[in-house]
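Asker: how would this look folded up:
(chains A and B)
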Amino acid sequence: MAEHEWDRERLLEIIRLNKDKPGALLPILHGIQDALGYIPPNSVPLIAEELNLSRAEVHGVISFYHYFRDAPPGKRTIYLCRAESCQAMGSEALETHAKRRLGIDYHETTSDGAFSLEPVYCLGNCACSPSIMVDKEVYGRVTAEAFDDIIENIQVNAK
Amino acid sequence: MTIVYVSRDSSALSLGAEQVSASIRAEAAKRNISVDLIRNGSRGLYWLEPLVEVVTDRGRIAYGPVGARDVPSLFEADFLQGGRHPVCLGPTDDIAYLKNQERLTFARVGITDPVSLDDYLAHEGYRGLRRALEMSPSAIVDEVTASGLRGRGGAAFPTGIKWRTVLNTASDTKYIVCNADEGDSGTFSDRMIMEGDPFVLIEGMTIAGLAVGATQGYIYLRVEYPHAHRALNQAIEAAYRSGYLGKDILGSGKCFDLEVRLGAGAYVCGEETSLLESLEGKRGLVRFKPPLPAIKGLFGRPTVINNVISLASVPIILDKGGEYYRDFGMGRSRGTLPIQLAGNIKYPGLIEKAFGVTLREILYDYGGGSATGRPIRAVQVGGPLGAYLPQSQFDTPLDYEAFSAIWAVLGHGGIVAFDDTVDMARMARYGMEFCAIESCGKCTPCRIGSTRGVEVIDKIIQGVDRESNLALLRDLSDTMLNGSLCALGGMTPYPVLSALTHFPEDFGISAAERAA
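Answerer: Numbers count the residues shown, from 1 in each chain, chains lettered A, B, ... in the order given. Just a heads-up that it's a prediction; the model follows:
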C-alpha cells in the first residue's frame, strides 16, 4: 500500500472529534490506529498542525509508546507475553515455537500479510499462563499445540 | 427462570467462557428451557474457570472447569436444579479457597452482574457515596485516614495524607486520577475489579472528588485490557444515566465527571508522574519530585492519583467506617490485600486476605504448591521490580514492614512462583532487560545502567572475569538504586541482587566461594 493512500478527511474527522479534549494527542493517535491499523508517518504534519504542536513532538510521542506503529501490521496481530509469570510456565518455549511456526521474529509480519508478532509485557492473565492475545482476544494456558490450533482456526475463518 | 452465571472476566474468556456461554444458550433453546444467563466477574478461582454457577434454593451451585463440550451432559444431569455431575463443586460459598478469605474490596466481584447498576445497589453499592454526601470534605478525608489505607499500587503511601494535601491546596481545578496501568507481571486484581465490579471504582473516585473538591476524574487504563475498557465504559454510562455521575450527583448539587483514557503499552506509565505526562498527551517521561502531584499534578493542578484497589477500597471504608477496615491487618499494614497468586502454581487466583498471612500459607494452603508438582524454588513478590524470595523466607508475613526488613517489597500484591527448573541468573538478566526495554530514558542510571547490566550479567553467565564482573554488577546496582529518578531504575536491582544473593549457584558461584 502506498503511504499516501489514507483518507485525509477521515483523519481530520478523528482529529477534530478529539482535539478539544485536554491531553488530546493520545486519544487521537488511538483513533487513527483503530481506524487504519497504524499511524502513517505522513499524517504527522496534519496532526501537528491541528494540535498546534511541532512535528517532532508528535513523532516523539508515537515513537515512545510500544503500542503505536508507523507501518501497517498484518491482518491479525499476535501479542505474546514475555513477562515472569508466563516464563514460569514455559513461555520461552512457546516463543520459540511461535516464531518458527510463523517464520518471523518479533516486530515482523508474515510474508502473506496474515500475522504480525509483537512481544507484550503482561496481559493480566497471569493465573492462566502462558498467555497470548490476538488483536483483542486473550488466550490462556497456551501450549504449542493450542497455538497452532488458534492460528489454523483464524486461517480457516479468513477463507 | 433459573439464573446461570458464566464469567465475562478476560481470564475466564481466555479459557473459553464465551463458548461455554454460547453453548448453554444453544442447549437451553434446543430443550425449550428458558435460562437467565448473567455474565459476572470472576470469583478468582482460576483453575476452575470457566466456572458455571446456578442459583438454586441451596444457594449458588458451582460447576467447573466447564468446557463447551460438557454442556449437554450438564443439562442431562439437571444442573439447573444443582444436579450431580463430575465437575460439580457444590455450593460456591463452601469452596475453602473462597470461604477462608476476607473479601472487602472484592465483596461483589463474581457475585453481581458487573454492569448492572441495580445489582450494584442491591449489594450495598453506593452506600459509601450516600454517606459521603452528608459529610464535610475534611470528615471524608478523616475517615480514610482512620482506616489506615495505604496505596495499593505498590508505594504504600497513606491515602488519607495524600488526600489531605490535595484538599488543603487551593485551586479552582483539581483532578482525581486512577492509575489503572496495571503492568506488573503476576498482577490482575485491578483488572478483576474493573471487569467484575467497575461501579466500586467509580464510586471510590466520586467519593475522592467530594473529599478534595475535584470535579473531573480520569481512569488511565492500559491498552492491554480491552475487556476492562468495555466494562468501565458501560458502567460509567449507566452511572451518568442514573445521576451517580455528572452535574448534580443524586441531587446534591455536587458534580463529578469521569472518563477512561487508554495508555499505549508503556510500563513506565504506571509510575505516577509518567502517567500524568501521558494523560497530558506527551511522552511518558518521569517528572522530578517535588513538586508532588498532590500539589502540582495533572495539567499543573492538585491531583489525587491512586491505584484502582486503593480507590475501590474507599466505598466500604465510607460505608462501614474507617475503624471497621482498620481492624483487619497487622502492624502498620491495615485492612486487606488482594493477593494475586500466579506463575507455576497449582491453584492460581485472587486471594483477598487481611495483612499478616504468610507467604507459605498462600503458596501451599491456597496455592497447593507448584503446577508442575516440582518443589517451588523461588517466588517473586511485587512484580518485575520485586525481589525473588527463596524457601527460607516463605514464613514472612505479608506486611509492608516485614517485607522491607528482608529487602523485599509487597508492591501491588502479585506473587509469581517458579519451580526448581528456573535459572535465576537468567531471571536476573531478564530484570535488567525489561528495565532497558521500558526505561523512559530520562535518567542515566536507568537508561544506560540497564543495558550495561544485561551485558555484565551475560559475562557472568559465560564465566568471563566473574569476580570483577560480580563486583561491577553490585556497583552498578548501587548506582541504579540510589541514582535513578523513579522506581523502574531504582528497583530493578531488587530482582537482580536478590537472585544473586539467594541463588548464587545459578551465577556459577560454588559453595566454597560462598563460604569464603
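Asker: wait, does the longest helix along chain A contact chain B?
Answerer: The helix that spans the most residues within chain A, counting by DSSP state H, is helix A:144-158. No - under the criterion of C-beta under 8 Å from any C-beta of the partner chain, chain B is not reached by helix A:144-158; the shortest gap measures 10.8 Å. No exception for glycine: its C-beta is placed from N, CA and C like everyone else's.
Asker: which other helices and strands does that helix contact?
Answerer: helix A:91-102, strand A:132-134 (3 or more C-beta pairs under 8 Å, 6 or more residues apart in numbering or on different chains; DSSP states H and E).
Asker: now mean pLDDT and mean neighbour count too, for those, in TSV please.
Answerer: Shown next, in TSV, are these (pLDDT from 0 to 100; neighbours: other C-beta atoms under 10 Å in any protein chain shown):
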stretch	mean pLDDT	mean neighbour count
helix A:91-102	98	17
strand A:132-134	97	21
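Asker: quick check, pLDDT for residue 24.
Answerer: No chain in the question, so chain A it is. Per-residue confidence at A:A24 stands at 98 (pLDDT).
Asker: hmm, no, I was thinking of chain B.
Answerer: So B:I24 comes in at 98 (pLDDT).
Asker: residue contacts, it?
Answerer: Counting by C-beta atoms under 8 Å, 6 or more residues apart in numbering or on different chains, B:I24 touches B:V4, B:V6, B:V35, B:L37, B:V52, B:V71, B:L74.
Asker: widest-spaced pair of those residues?
Answerer: B:L37 and B:L74 (13.0 Å; C-beta to C-beta).
Asker: thinking again about what came up before, adding distance to B:G128, write the helices and strands packed on helix A:144-158 out as TSV.
Answerer: Below are these laid out as TSV (distance: least, C-beta to C-beta, whole Å):
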stretch	distance to B:G128
helix A:91-102	40
strand A:132-134	34
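Asker: looking at those, spot the one closest to chain B.
Answerer: Set against chain B and scored by C-beta to the nearest C-beta, these come closest in strand A:132-134, at 7.1 Å.
Asker: and the closest one, how far out from the chain's middle?
Answerer: Offset of strand A:132-134 from its chain centre (C-alpha atoms, centre = their mean, to the nearest Å): 11 Å.
Asker: and the chain, what are its domains?
Answerer: No chain specified, so I'll use chain A. Following automatic domain parsing, chain A resolves into domains at A:8-64, A:76-158.
Asker: ah, I was thinking of chain B
Answerer: Split by automatic domain parsing, chain B gives B:2-99, B:117-326, B:329-419, B:424-515.
Asker: could you see whether chain A lies near the second one?
Answerer: Think domain B:117-326. Yes - for domain B:117-326, a contact with chain A is found by C-beta under 8 Å from any C-beta, at B:182-188, B:190-191, B:223-227, B:261-267, B:278-284, B:299.
Asker: which of those count as buried?
Answerer: B:182-188, B:190-191, B:223-227, B:261-267, B:278-284 (16 or more other C-beta atoms under 10 Å in any protein chain shown).
Asker: from those, which ones fall inside helices?
Answerer: Those of those lying in helices (DSSP H): B:D190, B:R191, B:P226, B:H227, B:S278, B:L279.
Asker: and which of those is nearest to B:R164?
Answerer: Closest to B:R164, out of all of those and judged by C-beta to C-beta, is B:L279, at 23.0 Å.
Asker: list the contacts of the closest one.
Answerer: A:G23, A:L26, B:V177, B:Y218, B:Y220, B:R261, B:L298.
Asker: also B:M427?
Answerer: Contacts of B:M427 by C-beta under 8 Å, 6+ apart are A:E84, A:Q87, B:A378, B:Q380, B:Y388, B:F418, B:P495, B:A499.
Asker: all good on my end, thank you.
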